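1. Predicted model, plus sequence, below.
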Amino acid sequence: MEVLSSHRALRIAIVGAGIGGLTAAAALRQRGFEVSVYERAPQLGEVGAGLQMGPNAVKVIRALGLEDQFVKLAAEPQVRLSLKWDDGAVRAREPYKGAMQEKFGARYHMAHRADLHSLLQSLVPEESIHTGAECVGVENRKGGAVVRLAGGREIEADVVLGADGIHSVVRTALFGKSEARFTNQICWRIILPMEVLHSAADKLPVPLDGSEYTGWLGPTGHVLFYPLRGGELLNIFAGRVSTQWADETWAVPSAIDELLDAYAGWHPGMLYVLSRAREAFKWGIHDRDPLDHWVVGNIALLGDAAHPMMPTLAQGAAISMEDGYAVARYLDQGRSDPAAALAAYERDRQPRAARVQMQARQQFQNNQFVPPPPPLPVDWIYGYDVVTSPIKLAGGQSDVERA
Ligand SMILES: Cc1cc2nc3c(=O)[nH]c(=O)nc-3n(C[C@H](O)[C@H](O)[C@H](O)COP(=O)(O)OP(=O)(O)OC[C@H]3O[C@@H](n4cnc5c(N)ncnc54)[C@H](O)[C@@H]3O)c2cc1C
């Protein structure tokens, strides 16, 4: 890490205390920056849902010094199992535990969003996170930038990072509103005690002890089961084609009957597990084209604000964490000229994130075929290491991976 070249630490204002914003805050603090985070919600927290953390994200967790704690809170699936939607026939079985570490240098974990969020939060002092602080605008000003909050307050900083998620105010201020297309797919998220899966043993087509990452794949949708918290909880993600409904927020409650109706005719063992849900939440999947730029002057985007992506590769949070870590490395190496450091960050990160966005879209389309073609290659995603990838501050092609 570079020694501070100026007399005072650069002040970084981050809009949004989600997974991307907190990763950036933690990585910047590791490097001695003065960080303040402005979060719209009155309290910090995360929705109840599972999150897959590919090896590329686990490398960031490791670099932040959180891997030991994370492993205790997460679960590493033994195998990935693909089952046919109606008769439960095994379509594929792939070893996961250990294999990912060997191949990509880090494990593949499943975590509760709230657990990961709390771990990241533990690296940022409470007094640096301002809740109930809604950003309504941003502006470059006099070699720095300003965050405008609802109520009229203005925060001055050397750099502003917009990590304010899919409906980013910072993105709109910099680049205008981005078009979102409903994909005719709706999803549900559910968390159950793992005992529910055990109680379904005599109804399931193959023995499942809960250590598996199981996908039930059908022509009109898919249902994923995976363990959280060392196997204490079962996370369910269910996606289905629909033209009925299109809300993009993640927290609309759904009746369990509506969920069961959506999967009528699917394997009775799978339906039994779904029927035991006491609450389910639904949302509509939308798609957006990649942004060409993420940076204007001393203001940069990261995470979903920069590259909202479809969930088919389970990489939205992982790429957001990579961004948060990368922007800290770029600002660290380029302290004397933060705007140039941010421009270099964009040149490095935008092509990779755009490629993941486009592959998530392609995988989504492939999943509609019956039978689906083999999954698209993900080695280039999982094998990447944002912690050690070369930093190139000067213009032109960087020698990090290019699309
Ligand atoms: C159910 C579900 C399952 C998913 N599964 C996976 C998975 O398995 N693996 C994976 O990698 N990704 C997954 N994703 C995607 C992943 O959750 C997102 O890509 C990730 O959360 C993006 O992080 P972020 O910090 O950019 O945005 P967010 O997590 O959305 O955080 C943005 C933050 O900004 C705050 N904010 C918003 N507007 C303002 C404002 N104007 N002023 C101040 N604060 C503001 C919000 O309150 C929020 O705290 C999933 C998403 C969903 C919904």
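-> Structure received.
2. Which residue ranges of the stretch 201-350 of the chain form helices?
-> 256-262, 268-275, 316-333, 338-366 (DSSP state H, counting those that start in this stretch).
3. Indicate which one of these is closest to the ligand.
-> helix 316-333 (2.2 Å; Cβ to the nearest ligand atom). (Each C-beta comes from the backbone N, C-alpha and C, glycine too.)
4. contacting residues around whichever residue of the stretch 1-150 of the chain sits closest to the ligand?
-> In the stretch 1-150 of the chain, the residue that lies nearest the ligand is Gly18 (2.0 Å; Cβ to the nearest ligand atom). Applying Cβ atoms under 8 Å, 6 or more residues apart in numbering, we find Gly18 in contact with Glu46, His117, Ala163, Asp164, Gly165, Gly303, Asp304, Ser320.
5. and with 10 Å instead?
-> Taking Cβ atoms under 10 Å, 6 or more residues apart in numbering, we find Gly18 in contact with 37, 39, 41, 44, 46, 113, 117, 120, 163-166, 303-305, 317, 320, 324.
6. Same check on Pro193?
-> Per Cβ under 10 Å, 6+ apart, neighbours of Pro193: Ser199, Glu232, Leu233, Leu234, Arg276.
7. And the pLDDT at the nearest residue to the second one once chain neighbours are set aside?
-> Closest residue in space to Glu232, ignoring its immediate chain neighbours: Met194 at 6.0 Å, by Cβ to Cβ, 6 or more residues apart in numbering. According to the prediction, Met194 has pLDDT 97.
8. wait, what's in contact with the residue nearest to Ala344 when sequence neighbours are not counted?
-> Once flanking residues are discounted, Ala344 sits nearest to Leu393: 4.8 Å by Cβ to Cβ, 6+ apart. Contact analysis of Leu393 by Cβ under 10 Å, 6+ apart lists Tyr330, Gln333, Gly334, Asp337, Ala340, Ala341, Ala343, Ala344, Tyr345, Arg347, Asp348.
9. per-residue confidence for the first one?
-> What it means is Tyr330. So, for Tyr330, pLDDT stands at 98.
10. do the same with the second one
-> Confidence at Gln333, expressed as pLDDT, is 96.
11. Next one: the residue nearest to it when sequence neighbours are not counted from Gly334, what distance?
-> If the residues on either side of it in the chain are set aside, Gln333 comes closest to Ile391, at 5.1 Å by Cβ to Cβ, 6+ apart. Plainly put, Ile391 is 8 Å away from Gly334 if you go by Cβ to Cβ, to the nearest Å.
12. what do those two both touch?
-> What both Ile391 and Gly334 touch, as defined by Cβ under 10 Å, 6+ apart, is the set Ala341, Ala344, Tyr345.
13. Count the residues that sit near the second one.
-> Okay, so that is Ala344. By other Cβ atoms under 10 Å, 23 other residues sit near Ala344.
14. who's in contact with it?
-> Taking Cβ under 10 Å, 6+ apart, one finds 295, 326, 330-331, 333-334, 337, 391-395, 398 in contact with Ala344.
15. Quick one: name the residues of the stretch 201-350 of the chain near the ligand.
-> Trp250, Gly303, Asp304, Ala305, Pro311, Ala314, Gln315, Gly316, Ala317, Ala318, Ser320 (Cβ under 6 Å from any ligand atom).
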